[in-house]
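[1] Sequence first, predicted coordinates after that:
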Amino acid sequence: MTDTAHALAACATLWDLLDRRAALTPGAPVLIQAADDPADDRTLTFGGLRDRCERVAAGLYARGVRPGTVVAWQLPTRIETAVLSFALARLGAVQSPLIPYLREREVGFALRASKAEFFAVPGVWRGFDHTAMARRLGAPTVLTAYDELPEGDPGTLPPPPADGTAVRWIYWTSGTTSEPKGVLHTDRSLLAGGACLAHALGLSPRDVGSMAFPYAHIAGPDYTVMLLLCGFPAVLFERFALPDALDGYRRHGVTVAGGSTAFYTMFLTEQRKDPARPLIPTLRLLAGGGAPKPPELYHAVVRELGCQLTHGYGMTEVPMITMGSPDDTPEHLATTEGRPPAGMEIRVTDAAGAELPPGADGEIRLRGEAVCRGYLDAAATREAFDADGFLRTGDLGHVLDSGHLVLTGRAKDLIIRKGENISAKEIEDLLHGHPAVADAAVVGLPDPARGERVCAVVERAPGVPDLTLPQATAYLRGAGLSVHKLPEQLEVVDALPRNETLRKVLKYELRERYAD
């Protein structure tokens, strides 16, 4: 980061960061809304963002929103969503962002658990009536916040919040196998996550970023903090679909794109339709996280898209843990998740919680300013943190002597076949290199003879004959995989089931589908 970015990273609150950035570069663009019709594109500057947020904060204040008021919002990736969020930050309200694709079960649970007093929705969005859902759920005061926001006189506002360590954010885990968990964050934990991203990527005001993921995801503030620290804009995509979105990337000269592994694959798929023409001529970097990255995917991006790829590691509880840097070696960029920033402690432990030396595989535990304060459920908080205050992630991996982190899988994804531990990620990474495989997920299925059997589910690649089980096992043996790790079952599908945020594969659905 530059000296300016380092100074801004010391801000106590998110509002303080926006206010100081707006004073430094008031006329520079920060948010660019990409529309289907280029004539409808909109741009907001840093100064314009601060000023509009103050007016909206005054409008919300007039409606009864006060410091500490819990406001849930379920809104798409739009300028108005960012404005509402920063207006609430100006007031010191407690925000509970909800992904727009969530429905009654998750939304109702979140509204009840957070004790939200206001609920902001987009009205009818993509054919679904969010206002009607809110009323069915008996939601509190409902605000429609799609293209119009309440405004008022900023002179009526109380002073902005000064304490960045107070809990003012409730983010939600996916809740795919149980009720969602409300994750408690502070302004400072979100600032620390964004500073990690900014430090690793080393972007400048000459760059143009992009947000193709839901702003309500924990990556939303992560990325926005980076924009404020480094002083460059991002193009917002309310609806991301390729190839339709490519025109927005091209006409705004996006230099940094990404989101997660699935996004990299989608860009590659489009590039392969016309290999001789650069997909996005100005693109120099893909960056993201949220899901494992096979090494072969890194090499394919560099080779075919002609840009760099840096991948990171984060979660709802810790928005940014490690991040690859463009200055890392190709080997580190392909096989690791990057390094942690100063202040992020990574401890790798055995099953009993004893710390392991560098290079030894174990559970990853975390401590630092970017780590959440816990959960709404006090019992869940006690279970998640150890006696030294480290968060137990449930992820497995090891740290190299260079400080780079290597993820080897999830504890729950560990397959135990005849008493032997098998890493699903190891098999997935190898399968990804086969030309008949667009993507792969490996799961353990109940088996009376083995305890668990290894099932590989592969997404078919276009224009290539389907992979067979004998071909898969021969390929994996040729790649050096031990015989006891070879899949006993292979399923070929058009598309792996994914969530609607960072397009993570939903392995629980695969286990349910193929358990018999």
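    Arrived safely.
[2] okay, CA-based contacts and neighbour counts for the rest of this
    OK.
[3] quick one: the strands in the stretch 151-300 of the chain?
    Taking DSSP state E, counting those that start in this stretch as the test, the strands found in the stretch 151-300 of the chain are 167-172, 182-186, 209-211, 234-237, 256-259, 285-288.
[4] I meant the stretch 1-150 of the chain, not that one.
    For the stretch 1-150 of the chain, the strands defined by DSSP E, counting those that start in this stretch cover 29-34, 42-45, 70-73, 94-97, 118-121, 124-125, 128-129, 141-144.
[5] Next, format the ones you listed as TSV and append distance to Gly253.
    Formatted as TSV, these follow (distance: least, C-alpha to C-alpha, whole Å):
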stretch	distance to Gly253
strand 29-34	12
strand 42-45	14
strand 70-73	31
strand 94-97	30
strand 118-121	31
strand 124-125	28
strand 128-129	33
strand 141-144	32
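[6] before we move on, the earlier item: mean pLDDT for the strands of the stretch 151-300 of the chain: which is lowest?
    Least confident of the strands of the stretch 151-300 of the chain, judged by mean pLDDT, is strand 256-259 with a mean of 92.
[7] Domain map for this protein?
    Domain assignment for the chain by automatic domain parsing gives 45-186, 414-514.
[8] Averaged pLDDT, the last one. What do you get?
    Across domain 414-514, the average pLDDT comes to 87.
[9] got a markdown table for the strands of the stretch 151-300 of the chain, with distance to Asp386 and mean neighbour count too?
    Below are the strands of the stretch 151-300 of the chain laid out as a markdown table (distance: least, C-alpha to C-alpha, whole Å; neighbours: other C-alpha atoms under 10 Å):
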| stretch | distance to Asp386 | mean neighbour count |
| --- | --- | --- |
| strand 167-172 | 21 | 24 |
| strand 182-186 | 17 | 24 |
| strand 209-211 | 35 | 26 |
| strand 234-237 | 38 | 26 |
| strand 256-259 | 31 | 24 |
| strand 285-288 | 29 | 23 |
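[10] Let me know which of the ones you listed is the nearest to Ala7.
    Smallest distance to Ala7 across the strands of the stretch 151-300 of the chain (C-alpha to C-alpha): 19.2 Å, for strand 182-186.
[11] So what does the nearest residue to Gly68 once chain neighbours are set aside look like in phi/psi?
    Spatially, and ignoring its direct neighbours in sequence, Gly68 is nearest to Ala93 (4.6 Å; C-alpha to C-alpha, 6 or more residues apart in numbering). Per-residue torsions, Ala93: phi -70, psi 160 (degrees, to the nearest 10).
[12] if I look at Ala93, how far off is Ala39?
    From Ala93 across to Ala39, the span is 35 Å (C-alpha to C-alpha, to the nearest Å).
[13] Neighbour count for the two, which is higher?
    Ala93 (22 against 8; other C-alpha atoms under 10 Å).
[14] And the strands in the stretch 351-500 of the chain, which stretches?
    362-367, 374-375, 391-399, 405-410, 415-417, 420-422, 437-447, 451-460, 489-493.
[15] Any buried residues in the third one, and which?
    Neighbour-count burial for strand 391-399, with 16 or more other C-alpha atoms under 10 Å as criterion, is recorded at Leu391, Arg392, Thr393, Asp395, Leu396, Gly397, His398, Val399.
[16] and it, what's its mean pLDDT?
    Averaged across strand 391-399, the pLDDT comes to 93.
[17] What is that strand packed up against?
    Here strand 391-399 is seen to pack against strand 345-349, strand 362-367, helix 378-384, strand 405-410 when contacts are counted using 3 or more C-alpha pairs under 8 Å, 6 or more residues apart in numbering; DSSP states H and E.
[18] which one of the ones you listed lies closest to Ala474?
    In terms of C-alpha to C-alpha, the element of the helices and strands packed on strand 391-399 nearest to Ala474 is strand 405-410, at 22.8 Å.
[19] Give me the contacts around the closest one.
    The contact list for strand 405-410 (C-alpha atoms under 8 Å, 6 or more residues apart in numbering) reads 292, 322, 335-339, 394-400, 423-426.
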